[in-house]
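In: sequence first, predicted coordinates after that:
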Amino acid sequence: MRAALAPASDLPRERLEKLGAHALSLGELLAILLRTGDRNRNVLQVGSGLLVDFGGLRGLSRASFRELLDVGGLGKAKACSLLAALELGRRLCAEERSENEDLERETPRACLTRWSVELATEQREFIVAAFADGRDRVMEEERISCLLYTSPSPRDRTRSRMPSSA
């Protein structure tokens, strides 16, 4: 069934207008960005299919332009729209983090959240070391690039940072 043949109250744009963006599923939000489906699937099926194909929103955010073009139902314009929307989300997270840094130092949990967003699109694994003070505020952090078959010992990485009294 084409999405246009569904009752108007069930269409993503109408649901967004009535209920707000927070009430929509990821597939519905993607359908709004995509605007149309393809010959065989309606736009809701294409949006939901993207989430399945890439393993969810995180996987979709890691997809390259070429990988999106390989998915049926997406051309250059739709791939560009998706990548632009995902990049806007990343930049919003970075901007919010920047504003929070101006107020006070991050907690380790906030640091973890920020690094999760920033490293989500990386193809390799990384270790991030965060050094906190006695009041649970991150004073310094370091991103450590891991080689393919080696992984530095956390003891070796933190030894140079620890005061002699620790």
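Out: In hand now; what should we look at?

In: going forward, measure contacts between C-alpha atoms and count neighbours the same way
Out: Noted.

In: please identify the buried residues of the longest helix along the chain?
Out: Of all segments of type helix in the chain, defined using DSSP state H, the longest is helix 76-103. Judged by neighbour count using 16 or more other Cα atoms under 10 Å, the buried positions of helix 76-103 are Lys78, Ala79, Leu82, Leu83, Leu86, Ala94, Arg97.

In: now do stretch 36-52
Out: Buried positions in stretch 36-52, judged by neighbour count with 16+ other Cα under 10 Å: 36-37, 41-51.

In: looking at those residues, which are in helices?
Out: Filtering those for helices - DSSP H - leaves Val43, Leu44, Gln45, Val46, Gly47, Ser48, Gly49, Leu50, Leu51.

In: can you lay out these as TSV showing pLDDT and distance to Leu69?
Out: TSV is the format used below for these (pLDDT from 0 to 100; distance: Cα to Cα, whole Å):
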residue	pLDDT	distance to Leu69
Val43	93	16
Leu44	93	18
Gln45	94	17
Val46	93	13
Gly47	93	14
Ser48	93	16
Gly49	93	14
Leu50	94	11
Leu51	94	15
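
In: circling back to that earlier point, would you check which pair of the buried residues of stretch 36-52 lies furthest apart?
Out: By the measure Cα to Cα, Thr36 and Leu51 form the most distant pair in the buried residues of stretch 36-52, at 16.3 Å.
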